[in-house]
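Student: here are the coordinates; sequence isn't available:
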């Protein structure tokens with residue numbers, strides 16, 4: 001850490017013994033040890049907080065990436081419409097107005113003649129139903145039998 005060898009530690013110990021004295025040396029060493037413990041605890045707390053901040057930063061980065069992917073997936077899914085949505089709208093419009101009464105009402109507001117064909121006259125129970133006249137279909141032309149003549153082909157045709 002500080003790159004202090006054993007020989008340098010011996011020199012420091014001899015200078016401390018001479019400067020402090022042998023009577024007070026154990027109390028000084030105890031105090032130095034307490035300060036070293038406090039420094040190590042503070043260093044480990046700082047290191048732990050630093051690592052936690054790094055994890056939070058990584059988590060924020062990962063969260064940002066996930067949000068970007070979710071946004072792109074949402075944009076991708078928005079490009080596809082619900083295939084049944086159009087059918088549902090048509091069914092709902094039909095169930096709300098099954099006979100197109102709004103169209104007939106708007107047509108009758110334009111002209112009374114336009115509304116008349118939309119409402120047929122009621123049939124009386126006495127009225128007979130006339131049978132439909134069906135015209136026979138025209139006959140299809142029949143093929144004419146060909147006359148087989150025994151004529152020889154003209155000369156010059158190569159067969």
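Tutor: Received it, and whenever you're ready, just let me know what you need. Just so we're clear, the structure is a prediction, and the values are computed from it rather than from any experiment.

Student: so the chain: which segments form each domain?
Tutor: 6-78, 85-115 (automatic domain parsing).

Student: tabulate these (CSV), appending mean pLDDT and mean neighbour count.
Tutor: C-beta: built from backbone N, CA, C; applies to glycine. Output for the domains of the chain, formatted as CSV (pLDDT from 0 to 100; neighbours: other C-beta atoms under 10 Å):
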stretch, mean pLDDT, mean neighbour count
domain 6-78, 89, 10
domain 85-115, 65, 11
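
Student: could you dump those into JSON lines with distance to residue 144 added?
Tutor: Shown next, in JSON lines, are these (distance: least, C-beta to C-beta, whole Å):
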{"stretch": "domain 6-78", "distance to residue 144": "69"}
{"stretch": "domain 85-115", "distance to residue 144": "55"}
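
Student: looking at the ones you listed, which is nearest to residue 139?
Tutor: domain 85-115 (43.7 Å; C-beta to C-beta).

Student: what's the top helix by length along the chain packed up against?
Tutor: Longest helix in the chain by number of residues (criterion: DSSP state H): helix 25-78. If you count contacts as 3 or more C-beta pairs under 8 Å, 6 or more residues apart in numbering; DSSP states H and E, helix 25-78 packs onto helix 6-20.

Student: helices or strands up against the helix it packs on?
Tutor: Helices and strands touching helix 6-20, by 3+ C-beta pairs under 8 Å, 6+ apart, are helix 25-78.
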